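**Student:** 3D, please:
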Amino acid sequence: MDSVIQQINQSIIKHSGQVDLVDPISRITDQLFLGQGRVTAHRHALTQLGITHIVSVGRSPHSPVKHGSFILYEIPRVEDLNTNRLDLHFPAVFQFMREALKCGGSIFVHCEMGLSRGATVMIGFLRANGDSPSLQISYETVKRIRPWIAPNAGFQDQLRHFFCEPLITEMK
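**Tutor:** Numbers count the residues shown, from 1 in each chain. Take a look at the predicted model:
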């Protein structure tokens with residue numbers, strides 16, 4: 001699967017004609033993927049990975065996904081600002097993701113770059129779903145796979161408050 005993701009990332013980067021410092025898509029678990037919004041312009045890539053559900057945070061997916069067979073959950077109008085309240089959406093988005101996994105689906109979570117908003121949702125879901133025994137381990141799991149994640153300070157505080165757990169985001 002990882003070689004398939006590498007090929008997909010190379011294809012998306014080549015298609016854009018830009019030099020990227022981050023991968024467009026990363027596999028967090030067998031059924032959970034995190035990445036950039038532009039991946040949604042590549043329906044075939046998402047289908048190849050077996051993705052059935054898409055969570056869009058602050059950025060609407062591209063037309064190939066909107067008009068495809070994917071089941072969408074959109075969190076609109078949440079910019080990557082410390083003052084924006086992403087935590088208000090946690091219960092509903094985590095429930096959507098649980099239901100997707102329960103029916104055997106695979107989920108792609110994205111924001112603009114897959115660094116802050118999407119990473120925050122993924123970190124929170126891993127903890128809420130019981131895939132990680134603590135918020136800290138959830139963060140470290142996502143950070144190990146996608147080292148460039150950087151949830152903004154406001155989103156970090158929202159995770160801490162929502163889960164009533166500490167979170168240290170500087171890797172030592």
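
**Student:** can you map out the strands along this protein?
**Tutor:** Using DSSP state E, the strands of the chain run over 25-27, 32-36, 53-57, 71-75, 107-111.

**Student:** The last one: partners in the sheet, and parallel or antiparallel?
**Tutor:** So the one you mean is strand 107-111. Applying DSSP bridges, strand 107-111 is found paired with strand 32-36 (parallel), strand 53-57 (parallel).

**Student:** before we move on, what about the shortest one?
**Tutor:** Strand 25-27 has the following sheet partners, assigned by DSSP bridges: strand 32-36 (antiparallel).

**Student:** what sits up against stretch 120-129?
**Tutor:** By Cβ atoms under 8 Å, 6 or more residues apart in numbering, the residues outside stretch 120-129 that reach it are 28, 32, 34, 55, 57, 75, 86, 90, 93-94, 97-98, 101, 109, 131-132, 134-135, 138-139, 141-142, 151, 155-156, 158-159, 162-163, 165. C-beta coordinates here come from the backbone N, C-alpha and C atoms, glycine included.
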